[in-house]
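Participant: the amino acid sequence is not available; the structure is as follows:
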């Protein structure tokens, strides 16, 4: 079975992790700051805060921006549930903005219309979370301009998008957002096994998020209520969490970052080959503005031209040894969110996407033989 995604672990990665295992620090040592510095330098952001998952990153980002009870967070329904759940962790409420039919990202026009209505109702969001689906950036300039007009903060959920560029600059520089979040799960562009990070250009936000990831504890005398009792002294100055990244995870990230551009370039080669192999089939692909990181290669079936259902094509591909997946089930259709009052039909573009989308295998280790197998299996699944 060809999986839809797979990590690439080299001997350099293994050697780096083994060296940490033999060192004095397995956690809270030099590798986490090293990884943070490497992220910030690559993306052009001022500060990076590494944590144990992108979910944790979203949570601390929301808290740092003051999200709480009585507030609203808006995101896209076409994402993993964590992009919405982070609001609920803070006691806030969630709403969604439908997707653009071509980019499959949050639609700025739909956002503008929803904001105009919300302003009249006195229910403007405190935070908007655009999600860079497949590694393709949302139209962040348009979303930022709306943020300036309506006063909301922006967290870019760039879990798919490290290595991507928007308007010629790296995603993660926070030019059009307050905070950017990355994921380093094994199927992402680079991996730390499990892990995430936030990037920001604001020192106060970086400081808050660093506190929140480690129980709200500080050893910085500037933040303490009194002079330290001694060199052992620390204070809990807020309510935080155990969201720290270990040295093992961090050093794997440091090693992987050396190959980030190579990985993204290879993904572009694969996408170009897919484009060639699948030309003429009754399907469409994502409109990829700027330079996508191509975390996923998603096709949408033109079902009106196919005699089989979406499910039949999906199952046929797996039966032929192609481990396809589907990203994502619209969040508002999940039972937990339906219980809040959301219903099918609320966000028709996202629901239409779900009824047609299939994620094909996409990772640097795919060979020409693999790509030919995927393309052949898809043709058989559609036409057979």
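Facilitator: Received, thanks. Note that the structure is predicted; figures quoted are calculated from it, not measured. Numbering: from 1, shown residues only.
Participant: how far does stretch 68-83 sit from its chain's centre?
Facilitator: 13 Å (Cα atoms, centre = their mean, to the nearest Å).
Participant: mind starting the numbering at 310 from now?
Facilitator: Happy to do that; since the first residue is 310 now, the last one works out to stretch 377-392.
Participant: endpoints of that stretch, how far apart?
Facilitator: Its first and final residues considered, stretch 377-392 spans 16 Å by Cα to Cα, to the nearest Å.
Participant: so residue 681 touches residue 587, yeah?
Facilitator: No: counting by Cβ atoms under 8 Å, residue 587 is not a contact partner of residue 681; they are 11.5 Å apart. (Each C-beta comes from the backbone N, C-alpha and C, glycine too.)
Participant: more neighbours: the two, which one.
Facilitator: A count of neighbours by other Cβ atoms under 10 Å puts residue 587 above the other of residue 681 and residue 587, at 19 against 12.
Participant: mind listing what that one touches?
Facilitator: Residue 587 makes contact with 594, 608, 684, 687 under the criterion Cβ atoms under 8 Å, 6 or more residues apart in numbering.
Participant: what pLDDT does it get?
Facilitator: The predicted local confidence for residue 587 comes out at a pLDDT of 98.
Participant: residue 489 now?
Facilitator: In the prediction, the pLDDT value recorded for residue 489 is 98.
Participant: now residue 599
Facilitator: What the model reports for residue 599 is a pLDDT of 88.
Participant: do the same with residue 683
Facilitator: The model reports residue 683 with a pLDDT of 98.
Participant: for the spatially most central residue of the chain, helix, strand, or coil?
Facilitator: The C-alpha lying nearest the average C-alpha coordinate of the chain belongs to residue 468 (Cα atoms, centre = their mean; 1.8 Å). Per DSSP: H, G, I helix; E, B strand; the rest coil, the local secondary structure of residue 468 is coil.
Participant: show me the contacts for it.
Facilitator: With Cβ under 8 Å, 6+ apart as the criterion, the residues that contact residue 468 are 363, 389, 440, 441, 490, 491, 492, 494, 497, 505.
Participant: so where do the helices sit in the protein?
Facilitator: Defined through DSSP state H, the helices belonging to the chain, from first to last, are 320-330, 340-352, 363-373, 391-398, 417-430, 449-459, 512-521, 556-566, 569-586, 619-628, 644-647, 657-663, 677-692.
Participant: where in the stretch 310-459 of the chain is pLDDT low?
Facilitator: Segments of the stretch 310-459 of the chain classed as low confidence (criterion: pLDDT under 70) are not present in this model.
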